[in-house]
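Undergrad: Provide a 3D model corresponding to the input given below.
(chains A and B)
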Amino acid sequence: MFADRALPGVANTSLPLKKIQPPLFVYLAFKELWRYKGRYFLIGLVIALITTLVLFIAGLAEGLGAGNKEYLEKLNADLILYQSGVDLSIPSSRLSHTLLNDVRRIEGVQAVGSLGFSNASIILPDGEEPLDVSLIGVEPGKPGEPPAFQGQSLTGRRDKTATIDRNVAVRTNLQVGDTLTLKTIQGAEEEFYSLTVSGITDGRQYSIQPSVFVPQLTWNQIKPKANVEDDDSSALLYNNIAVQLDPSVDQAAMAQLIESRVRDVVAVDRKTAYENTPGYSAQQSTLNTQRIFTLLIGVLVVGGFFQIQTLQKVAQTGMLKAIGVPNFTIILAFIIQIIGITVLGVSLGSVGTLLLSLSFPVTIPIVFTQQSVVTAVASLLIIGPLGGLVSLRILLNVEPLTALGLAS
Amino acid sequence: MMSNVLETCVVSKTYKVDSNIIKAVDEVSLSVAAGEFLALVGPSGSGKTTMLAMLAGLLTPSDGHIMLDGQNLGRMKEAQRSKFRRKKIGFTFQASNLVPYLSVLENVELMLKVNNMLDRHSRKKAIELLTQLGLGDRLNNLPSQLSGGQQQRVAIARALIHNPDIVLADEPTASLDTERAYQVVETFAGLIRHQKLAGIMVTHDLRMTRYVDKIIQMRDGKINQIITGSRAINEFAGAMN
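TA: Numbers count the residues shown, from 1 in each chain, chains lettered A, B, ... in the order given. Below you'll find the predicted structure:
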């Protein structure tokens, strides 16, 4: 008989008891996590990979979005005017100098500035690939000109000076006082223009390119042209007009007033303007769709894993319920597990993303803002509990009779 | 005379399947006293496991009542029954007996934890009980590292550790070879008598009945015969060898 078996050393077995014992649900949750740490760590890694993917998509959306809208978003103007009938397309919009004066005279308008958008390339030394930039013509001291955080702002309307944005400075190592060489196409020829860097502004990308700001007349001279005969300074045409309003006036009402007083113009706010830049909405909705689908995949993967885990331990759950372990203890243990694994995965993924992003060159348009990261992490933290809902239902429905093989 | 720990009075359990009424248990009355070990036997479908489920408070009777420690199980709500089970009843099951991620000692201590009874003294008692069951050198092993017989012995220790009023065993020898089965039931019977508990074992292996005090044979949901007395029991069990 077993009782007769005396085993050496057993009588002296001494296992000190911890003074504070964890609640039963914490005890069961962590014992199981520790016992099956391999498989739980793997699902944690899957969540980490999903986290990395979601954060990079969020960063890419932010980065590409910024690349499109940065200049317009930061513009020191309340309204932007377009030629009517061009569907708020900046490249298609053409506004004359006469219109600029008409707008300036409207009551409630504080200041106006013309904006011209085109493309150019900065020639780099040592045979490096030229850097494509947005060449933006602005009026010195008027709405549209970005502030210079290093050096000084643009001065004369015809000066051969330029303000470069931070991205240009980082990618070309140009400093204030340096000379930059711009290449544009004039007719069928490549033409080169030398400009002095007068100032450096913050990130002001437009059309997914870093920007170089030049005085309006200089812009008109060096912007790409299909025919060199087009170079007629007396017939200045801009793409848009930036309008600063008196602080006391209503923006929407002023937009209507401008449209009624000035023929063939459409006035919109900055948000509407950048949302209508070419490809912006399509790009953002594509990236948001990717982000949502990645989160959905996360919910399915985590849900599937925990459902298999739960189904595998139906008999064990029935036994626990039969011996009197309360339902809420079993449910709380499960919730602790799923939250623990999700937090572990999201933390690993976030740290991994951070480390990985440090190795990226500045040319990759990934930007992590506090808001986008917090939103992404919050939605990722929900995928675990959301995926576990089905398993929770299974656990709740397990009957203690399962232990006796009698459950229906 | 010993007092009854558990009594059933004309207990029935009926199920409705489509339009047919099936009586799984039909007016069964029985009693178990402290220190008494009873075997419920019968062929498959005779109602013995359904009866055990009702005695455990896992099923409510359709008719009749079950009194355990002076309380009517059928009148309790599920939460009350769950609390009653963890305090008053010890269980061993045919399969899925142990929590796979807990060690031998932790599995036994689980009943102490559930009942908020775990302290140095009760831990010592758990170790002593496991040692008594020949598992003193297996305290930190996981169930997967034990044989079927050893797992059943851990389950027995878990069923007894919290001093329940009654111990219910569902086919405790189903997965064991004959020698191990005899050892497990003999140990079980010895502990039940020693601790003055009431014990009920459902088994289809009639040879195991040689260790019990009373045999209740069921057929078609009814009690077919009750066998008492060591001579009659030995004859019944011996006839199956």
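Undergrad: now the closest residue to chain A within chain B: which helix or strand?
TA: Nearest to chain A in chain B, going by Cβ to the nearest Cβ, is B:Arg86, at a distance of 2.3 Å. (Glycine included, C-beta is placed from N, CA and C.) Counting by DSSP states H and E, the element that carries B:Arg86 is helix B:78-88.
Undergrad: repeat that for A:Ile80.
TA: According to DSSP H and E, A:Ile80 maps onto strand A:79-83.
Undergrad: circling back: tell me the helix or strand right after the helix holding B:Arg86.
TA: Where DSSP H and E defines the elements, the next helix or strand beyond helix B:78-88 is strand B:89-92.
Undergrad: mind giving me the packing neighbours of the helix or strand following that following strand?
TA: Downstream of strand B:89-92, the first helix or strand assigned by DSSP H and E is helix B:104-114. Secondary-structure packing of helix B:104-114 (3 or more Cβ pairs under 8 Å, 6 or more residues apart in numbering or on different chains; DSSP states H and E): helix A:24-35, helix B:120-132, helix B:148-160.
Undergrad: and the stretch 201-350 of chain A, which residues reach chain B?
TA: Contact residues (Cβ under 8 Å from any Cβ of the partner chain) of the stretch 201-350 of chain A with chain B: A:Ala315, A:Gln316, A:Gly318, A:Met319, A:Leu320, A:Lys321, A:Ala322, A:Ile323, A:Gly324, A:Val325, A:Pro326, A:Asn327.
Undergrad: quick one: buried residues of stretch B:111-131?
TA: By 16 or more other Cβ atoms under 10 Å in any protein chain shown, the buried positions in stretch B:111-131 come out as B:111-115, B:117-118, B:122-123, B:125-127, B:129-131.
Undergrad: of these, which is the nearest to B:Leu98?
TA: Of all the buried residues of stretch B:111-131, the one with the least separation from B:Leu98 (Cβ to Cβ) is B:Met111, at 11.6 Å.
Undergrad: helix, strand, or coil at the closest residue in space to the closest one that isn't next to it in sequence?
TA: With sequence-adjacent residues excluded and distances taken as Cβ to Cβ, 6 or more residues apart in numbering or on different chains, B:Met111 is closest to B:His162, at 4.6 Å. Look at B:His162: counting by DSSP: H, G, I helix; E, B strand; the rest coil, its state is coil.
Undergrad: quick check: pLDDT value at B:His162.
TA: At B:His162 the predicted local confidence, pLDDT, stands at 92.
Undergrad: who are the neighbours in contact with it?
TA: Contacts for B:His162 (Cβ atoms under 8 Å, 6 or more residues apart in numbering or on different chains) come out as B:Arg86, B:Lys87, B:Gly90, B:Met111, B:Leu112, B:Val114, B:Asn115, B:Met117.
Undergrad: now do B:Asn224
TA: Counted by Cβ under 8 Å, 6+ apart, B:Asn224 has contacts B:Gly42, B:Gln217, B:Met218.
Undergrad: related to what we said a few turns ago, can I get the residues of the stretch 201-350 of chain A next to chain B in CSV with secondary structure and distance to B:Lys16?
TA: Putting these into CSV (DSSP: H, G, I helix; E, B strand; the rest coil; distance: Cβ to Cβ, whole Å) gives the following:
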residue, secondary structure, distance to B:Lys16
A:Ala315, helix, 27
A:Gln316, helix, 30
A:Gly318, helix, 23
A:Met319, helix, 28
A:Leu320, helix, 30
A:Lys321, helix, 25
A:Ala322, helix, 24
A:Ile323, coil, 29
A:Gly324, coil, 29
A:Val325, coil, 31
A:Pro326, coil, 30
A:Asn327, helix, 27
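Undergrad: and the furthest pair within the residues you listed?
TA: Top of the distance list for those (Cβ to Cβ): A:Ala315 and A:Pro326, 18.4 Å.
Undergrad: residues contacting A:Tyr274?
TA: A:Asn68, A:Lys69, A:Leu72, A:Glu73, A:Tyr280.
Undergrad: please name the bridge partners of B:Ile200.
TA: Counting by DSSP bridges, B:Ile200 is bridged to B:Leu38, B:Leu168.
Undergrad: gap between the helix holding B:Arg86 and the chain center?
TA: Relative to its parent chain, helix B:78-88 has a centroid offset of 16 Å by Cα atoms, centre = their mean, to the nearest Å.
Undergrad: average pLDDT across that helix?
TA: If you average the pLDDT over helix B:78-88, you get 89.
Undergrad: report the backbone C-alpha coordinates of it in CSV.
TA: C-alpha atoms of helix B:78-88 as CSV (Å, rounded to 0.1, in the frame of the first residue of the first chain):
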residue,chain,number,x,y,z
GLU,B,78,-25.6,28.2,-8.9
ALA,B,79,-23.3,30.6,-7.0
GLN,B,80,-24.3,28.9,-3.7
ARG,B,81,-23.8,25.4,-5.1
SER,B,82,-20.4,26.4,-6.4
LYS,B,83,-19.4,27.6,-3.0
PHE,B,84,-20.9,24.5,-1.4
ARG,B,85,-19.0,22.3,-3.8
ARG,B,86,-15.6,23.8,-3.0
LYS,B,87,-16.2,23.6,0.8
LYS,B,88,-18.1,20.4,1.3
